[in-house]
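Student: what's the 3D shape of this:
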Amino acid sequence: PLRHEAAVRAVAVSPDGQTAYCAVVGPFNASGVAVGHEIQIVQNLGTTPTLGARIDLNVPDPAIEGPLELEITPDGKKLLVLTDHPDPYDTNGHLVVVDTLTNTVTSGILLPTSGGQKATGNSMTIHPSGSHAYVHVVVVDALTVFVEDRLLVFDIAASSFLGGSTIAFPATERLETQVI
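Tutor: Take a look at the predicted model:
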């Protein structure tokens, strides 16, 4: 049976300040796994806010936990949605591109990895020019919990990651925090 709660995980506001894009995860099933992931639009922020359209992310993997982070381009025409997966050993996260003029998904790209590794999204930001996004992912493999952190470069106009533009931060250079 479904529990009917849903949670907002992230919010991005359009450059004109009039529209908010809210990453909604849920509802959740009895095991606590989200079975839905969408963007809820809130319009008229400057006057009387109202709920607008909902955008189903249409990500090819229905097991994806949902939207993790949102960023909107400086011109307000594209919304980037970084997703993660509840089991990073199973499949990669995605970067989903939404056309904000039509409120439709234009692409859903798997986070790139190699050699059987898996990547889950962690954070991202968009260059002030709006040409590229910088996406931080955590890479794991089937034998170790953590392989490395990577910073990927995403060409927004081409909707693709740039090969050869990855910066890896090996495990030996990663700062660890321990809870005692």
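
Student: what number of residues lie near residue 15?
Tutor: Residue 15 has 13 neighbours, counted by other C-beta atoms under 10 Å. Just so you know, the C-beta spots here come from the backbone N, C-alpha and C atoms, and that holds for glycine as well.

Student: ok now do it, which residues does it touch?
Tutor: Taking C-beta atoms under 8 Å, 6 or more residues apart in numbering, we find residue 15 in contact with 72, 74, 75, 76.

Student: Assign a three-state SS to the residue most central in space within the chain, would you?
Tutor: Among the residues of the chain, the one closest to the centroid is residue 82, at 1.0 Å (C-alpha atoms, centre = their mean). Following DSSP: H, G, I helix; E, B strand; the rest coil, residue 82 is assigned to strand.

Student: Just the closest of the contacts of residue 15 to residue 16, please.
Tutor: Using C-beta to C-beta, residue 76 is the member of the contacts of residue 15 that sits closest to residue 16, with 6.6 Å.

Student: didn't the closest one look like it was pressed against residue 126?
Tutor: No. Contact criterion C-beta atoms under 8 Å: residue 76 and residue 126 do not qualify, at 11.5 Å.

Student: With neighbour numbers in mind, choose between those two.
Tutor: residue 126 (19 against 16).

Student: what's the distance between the more buried one and residue 12?
Tutor: Between residue 126 and residue 12 the computed distance is 10 Å (C-beta to C-beta, to the nearest Å).

Student: who touches both of those two?
Tutor: Joint contacts of residue 126 and residue 12 (C-beta under 8 Å, 6+ apart) are 71, 72.

Student: Mind pulling up the pLDDT for the residue nearest to the residue nearest to the centre of the chain when sequence neighbours are not counted?
Tutor: Nearest residue to residue 82 in three dimensions, chain neighbours excluded: residue 121, at 3.9 Å (C-beta to C-beta, 6 or more residues apart in numbering). We note a pLDDT of 83 for residue 121 in this prediction.
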